[in-house]
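# I'd like to go over a predicted model; first the sequence, then the structure.
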Amino acid sequence: MARTATLLLAASLAAGLFASPVAAESGARQKEVAQRGADVMPFSLAATTHVFTKTADGGIQQVVTKRNDPKQAALIREHLAMIAQQFASGDFEGPEHIHGKTMPGLDALRAAKPGELSIAYRDLPNGGEIAYRTDQPGLVNALHQWFDAQLSDHGHDAMAGHGANGMHHGAGGMKASE
């Protein structure tokens, strides 16, 4: 009898019938982030993927369409170009609104002195990207923490980028499914 109960419990867990409190909490947070994100981001989260690639000197943040969608790609480009300018001037109000004031890495990024953090935007065929570069180890760490927080908060609408030896994967032809 005890063996049967153990097998039933194991089967239920394997089937996902008992929701993890951590998973439920994470799902609720991702839903809140998506709702607040709609206040800041003009493009559809469901139609796009955020790709965060950590590099030795910072990172690359891409937002790309999941399918060929010129309207969403144009909205992405407009938004990322604007926020790259804001970030370059130390204005991280958008991410704070979406992810909260205690978002990991945000205080250090906001406190960066002029010239310590290079932020550059460029168009991609299916969206856009922002490259963050610094020679300050503390800022590299802050960027990586910030990327990790965004990956967690955006859930299935985000993915970690791939690169050999921590180097950025060529962006021009990258698709969200890679």
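Right, received. Where do you want to start?
# going forward, measure contacts and count neighbours with C-alpha atoms only.
Noted.
# And the strands in the protein?
48-55, 58-65, 118-124, 127-133, 158-160 (DSSP state E).
# Need the residues that contact the last one.
Counting contacts by C-alpha atoms under 8 Å, 6 or more residues apart in numbering, the residues outside strand 158-160 that touch it are 49, 50, 51, 52, 53, 150, 151.
# next one: stretch 118-127
For stretch 118-127, using C-alpha under 8 Å, 6+ apart, the contacting residues are 62-65, 68-70, 72-74, 76-77, 80-81, 84-85, 87-88, 128-134, 171-173.
# If you go by neighbour count, which of those are buried?
The neighbour count (16 or more other C-alpha atoms under 10 Å) marks 62-65, 72-74, 76-77, 80-81, 84, 87-88, 128-134, 171 as buried among the contacts of stretch 118-127.
# For the protein, give me the ranges with low pLDDT.
Along the chain, segments meeting pLDDT under 70 span 1-42, 94-100, 154-155, 157, 163-178.
# Which two of the contacts of strand 158-160 have the greatest separation?
49 and 53 (12.8 Å; C-alpha to C-alpha).
# Any chance of a markdown table for the strands of the chain, columns distance to residue 145?
Listed next are the strands of the chain as a markdown table, based on distance: least, C-alpha to C-alpha, whole Å:
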| stretch | distance to residue 145 |
| --- | --- |
| strand 48-55 | 10 |
| strand 58-65 | 11 |
| strand 118-124 | 17 |
| strand 127-133 | 13 |
| strand 158-160 | 13 |
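# Ok, which of the ones you listed comes nearest residue 144?
Closest to residue 144 of these is strand 48-55 (C-alpha to C-alpha; 6.2 Å).
# Give me the packing partners of that closest one, helices and strands only.
With contacts taken as 3 or more C-alpha pairs under 8 Å, 6 or more residues apart in numbering; DSSP states H and E, strand 48-55 sits against strand 58-65, helix 137-154, strand 158-160.
# what's the closest of the ones you listed to residue 108?
helix 137-154 (6.2 Å).
# mind listing what's buried in the closest one?
139-154.
# So which of those residues is the closest to residue 57?
residue 140 (6.0 Å).
# if we look at the sheet, which residues does the residue lying closest to that closest one once chain neighbours are set aside bridge to?
Nearest residue to residue 140 in three dimensions, chain neighbours excluded: residue 58, at 4.8 Å (C-alpha to C-alpha, 6 or more residues apart in numbering). Legend: beta-bridge partners of residue 58 under DSSP bridges are residue 55, residue 133.
# wait, isn't residue 58 in contact with residue 136?
No: in terms of C-alpha atoms under 8 Å, residue 58 does not count as a neighbour of residue 136; the distance is 9.2 Å.
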